[in-house]
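*Asks:* Sequence and predicted structure below; questions after.
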Amino acid sequence: MRSRRGATLVEVMASIAIFSVALVSLLSVLVSNVKMAKQSDYAYIAYNLAKNHLETLRAMNFTDLSAAAESATVLDDEGVPDPDGTFTRSTTVTTPYNADAKLAKVTVSVLYTINGTDSADPMKMSTVIYNG
């Protein structure tokens, strides 16, 4: 019998093919992980923008709440209006709420845009404010 000294071309090609499939799978998982992390980051910022705006509205004078309604205000990640921002905030104010003139329901929703695509669902927060 002859002794083998190294790998044949077929064996090298097969091992490169197996390695390539594993590498492509690993890279696709990595890319997916980066996308999910970015989406999670944007969702967290949207949550904070909605929460902070709601807190600002809670501190307002009750009679001025109706004037705080807005639709599609484009913001940057600090909550500052910016036409080139990635977040879009809408605010609805329902007063009187539940037929009570001392109650107002405020809903803030924030959408975000990643790579030109809007988020599927807005980050939405609501509260009822009492004038008493």
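*Replies:* Arrived safely. Numbering: from 1, shown residues only.
*Asks:* Quick check: phi and psi at residue 36.
*Replies:* phi -70, psi -40 (degrees, to the nearest 10).
*Asks:* Disregarding flanking residues, what is the spatial nearest neighbour of the residue minimising distance to the centre of the chain?
*Replies:* Nearest to the mean C-alpha position of the chain, by Cα atoms, centre = their mean, lies residue 43 at 2.7 Å. Distances taken as Cβ to Cβ, 6 or more residues apart in numbering place residue 123 nearest to residue 43, at 6.5 Å, with adjacent residues excluded. Any C-beta I mention is one placed from the backbone N, CA and C, and that applies to glycine too.
*Asks:* now do residue 77
*Replies:* With sequence-adjacent residues excluded and distances taken as Cβ to Cβ, 6+ apart, residue 77 is closest to residue 45, at 5.1 Å.
*Asks:* ok, the residue nearest to the centre of the chain - contacts?
*Replies:* Contact partners of residue 43, counting by Cβ atoms under 8 Å, 6 or more residues apart in numbering, are 112, 119, 123.
*Asks:* how far away is the residue nearest to residue 71 when sequence neighbours are not counted from residue 69?
*Replies:* If the residues on either side of it in the chain are set aside, residue 71 comes closest to residue 90, at 4.9 Å by Cβ to Cβ, 6+ apart. According to Cβ to Cβ, to the nearest Å, residue 90 stands 9 Å off from residue 69.
*Asks:* same deal with residue 37?
*Replies:* Computed as Cβ to Cβ, the residue 37 to residue 69 distance reads 34 Å.
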